[in-house]
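>>> okay, predicted coordinates and the sequence, questions at the end:
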Amino acid sequence: MGARANAFYAHWQLAVAARGRNSCCMQTKLQTAGLAQTLVAYNFIAGRETPAGAASFTRRNPANRDDLVTLAPESTREEVRAACEAARSAGERWSRLPAPQRALVIGRLVRQLGDAKEGLARFVSREVGKPIREARGSVQEAIDTAEFFQSEGRRLYGQTVPSELPNKELFTYRRPLGVVGVVTAGNFPIAVPSWKIIPAILCGNTIVWKPSDDAPGVATLFLELFRRAGLPDGVLNVVHGGGAAAAGEFLIEAVEQGLVDKISFTGSTAVGRRIGEVCGRALQVPSLELGGKNPLVILADADLDLAIEGAVWASFGTAGQRCTSAGNIIADKRVMPVVRTELARRAQALTLGDPVDERVDYGPLINERFLERWILQRATGIDDGADVLLDGKRLNVGDEPAGFLGDAARGLYATPRIFDRVRMNMRIAQEECFGPTVNLVEVDGPEEALAAANATPYGLSSAVYTRDARLMLRFKEELRAGMTSINNSTTGAEAHLPFGGNGWSGNGTRESGIWVLDSYTRWQAVNVDLSGKLQKAQIDLVDPEGAATAPLGAAQSAIP
């Protein structure tokens, strides 16, 4: 690493090492000292570091805007092109390495992530404002992903298929695609990149990764763990910068230039459409994990305490900044009064503040853009005719809620907002809003609930609370979302289950589990003929009696 980045990493490792010491006080002090410095991120191309220069950008702590977390380079079009060419060159060797050997690198990454878990989680909290308990969970998700795909290195199965002709063998093989361009969002800066990068490299691909400009520091630390795990130069290349007219756009342009064979993107539906258009012209299938307006249904027979607990978590966990956050809580009119009262009460009781504080339920919004869009949503809801049950607001000095544990003067904090008496034709019921806001939609019975749940163009996640097994079955079958929870929240993913959506939420591709292998491999069918003569399938067939199959023309002429 560069000198300044290396100094930061030394402090960070010192913080991690403190986990094994007896003094909790010493551990906390070292972690704080190690993470209070500014990290100097760098582009990483063909094993070489390019630090931030004249064209650079900064990332500040959303809980304390005075805290300069990361300085990162703003990549040029030429640097992105060089990264793609480096990936292409490295792929010639990496793709020929047997998959179990590639998996050895993933196994070492598991150990690196495990050793770094606490320090990395604290840095995630600092750079993107994720509560420390959630940050630990996101690092654990990366560990789980690496563990899962380490074993898949011995299970990149093809099939042996019986031939219809004698002395002939048929096989299928998974082959890598080539260069994969990875573009990730800032709300899960370690978990989501792991979903993409780990299986892609296991399958023999090489990577050009454009991390979120909200999390360049997390990306630098994750890259360093790959390097320490022994990943060869050029297999993973990192270019930092923004999206439009910057590194993200340059990477998409590389598809049209023949430099990239696959794009894997997590972000907005609008950008996903643009990527889909470019990849479609190149006859490529991108992996698109996009937005959501996720329904959480509470039927009349639901366990209300459980349902409301799940609704609070789905709506306000991570300050509502998940693609799987609940957008519409659809409740039967028989239970809506209780849902309305209890949801508001519990939302008001949430503890907001500095995300590194263990007591905090949710921290700041990730950036000013998300906060401004959340502020504007209030006027949209009122114009639609919705009632404001709980009037969320941006926190300023002097109007902090009871129990607030942050700095309102320096942080991007907002209290929960709940709209009531929302109808599904309202804009706020249809449009995603990345922030601590949710809508209450009243329905009469399961039919209306199901219709409302399917009434948006999105189709990412969904949930239904009911004790009736027949209704569980029906909602599982008829909800159009890519993921459905029964008596659980809309949020949450396990590393071995497919993740992804339909409609405006994606193009049907999936992250995680064995299903993601189809996104990073192409099938090759191979036939080996050992007969010593030309055998023609569908023509030179022999029936069980040993007679040659009659040509189609002869069979037709025999028909009277």
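Arrived safely, thanks for sending.
>>> now for Glu79: which residues touch it?
Neighbour list for Glu79: Asn43, Ile45, Thr50, Val239, Ala247 [criterion: C-beta atoms under 8 Å, 6 or more residues apart in numbering]. Every residue, glycine included, has its C-beta placed from N, CA and C.
>>> how about those in CSV, adding neighbour count, distance to Val180 and pLDDT?
As requested, those are exported to CSV (neighbours: other C-beta atoms under 10 Å; distance: C-beta to C-beta, whole Å; pLDDT from 0 to 100):
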residue, neighbour count, distance to Val180, pLDDT
Asn43, 26, 17, 97
Ile45, 24, 15, 97
Thr50, 19, 21, 86
Val239, 28, 13, 97
Ala247, 27, 16, 95
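>>> among the residues you listed, name the ones in helices.
Within those, residues falling in helices by DSSP state H are Ala247.
>>> so which of the contacts of Glu79 would you say is closest to Gly327?
Ala247 (30.2 Å; C-beta to C-beta).
>>> how about the closest one: what's its closest non-neighbour residue?
Gly241 (3.1 Å; C-beta to C-beta, 6 or more residues apart in numbering).
>>> and what about the one you found, helix, strand or coil?
The three-state label given to Gly241 by DSSP: H, G, I helix; E, B strand; the rest coil is coil.
>>> isn't it up against Ala83?
No - the pair Gly241 / Ala83 is not scored as a contact, 11.4 Å apart, by C-beta atoms under 8 Å.
>>> what sits against Pro355?
Going by C-beta under 8 Å, 6+ apart, the list of residues near Pro355 reads Ala63, Ser125, Arg126, Gly129, Lys130, Pro131, Ile132, Ala135, Gly363, Pro364.
>>> returning to that earlier point: can you put the contacts of Glu79 in TSV and add distance to Gly500?
Listed next are the contacts of Glu79 as TSV, based on distance: C-beta to C-beta, whole Å:
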residue	distance to Gly500
Asn43	29
Ile45	30
Thr50	33
Val239	25
Ala247	24
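>>> if we can go back for a sec, quickly name whichever of the contacts of Pro355 is closest to Ala481.
Distance to Ala481, by C-beta to C-beta, is smallest for Lys130 among the contacts of Pro355, at 24.3 Å.
>>> ok, now which ones touch that closest one?
Val124, Ser138, Asn187, Thr318, Pro355, Gly363.
>>> please apply the same query to Trp504.
Contacts for Trp504 (C-beta under 8 Å, 6+ apart) come out as Thr269, Leu290, Gly291, Thr456, Pro457, Tyr458, Gly459.
>>> and with 7 Å instead?
Residues near Trp504 by C-beta atoms under 7 Å, 6 or more residues apart in numbering: Thr269, Leu290, Gly291, Pro457, Tyr458.
>>> for it, give its distance to Gly292.
Going from Trp504 to Gly292 by C-beta to C-beta, to the nearest Å gives 8 Å.
>>> shared neighbours of those two, anything?
Among the neighbours of Trp504, those also in contact with Gly292 (C-beta under 7 Å, 6+ apart) are Tyr458.
>>> mind checking pLDDT for the spatially most central residue of the chain?
Residue closest to the mean C-alpha point of the chain, counted by C-alpha atoms, centre = their mean, is Val192 at 3.7 Å. As summarised for this prediction, Val192 has a pLDDT of 97.
>>> distance of it from Val128?
Separation of Val192 from Val128 (C-beta to C-beta): 12 Å.
>>> try Arg273
For Arg273, the distance to Val128 equals 25 Å [C-beta to C-beta].
>>> hang on, the earlier thing: ok, the residue nearest to Ala247 touching Pro216?
No - the pair Gly241 / Pro216 is not scored as a contact, 8.8 Å apart, by C-beta atoms under 7 Å.
>>> who has more neighbours, those two?
Per other C-beta atoms under 10 Å, whichever of Gly241 and Pro216 has more neighbours is Pro216, with 29 against 26.
>>> tell me the contacts of the more buried one?
Counting by C-beta under 7 Å, 6+ apart, Pro216 touches Ala41, Arg59, Thr70, Ala72, His240.
>>> tell me, how many residues neighbour the nearest residue to it once chain neighbours are set aside?
Nearest non-adjacent residue to Pro216, counting by C-beta to C-beta, 6+ apart: Ala72, 3.7 Å away. Neighbours of Ala72 under the rule other C-beta under 10 Å: 27.
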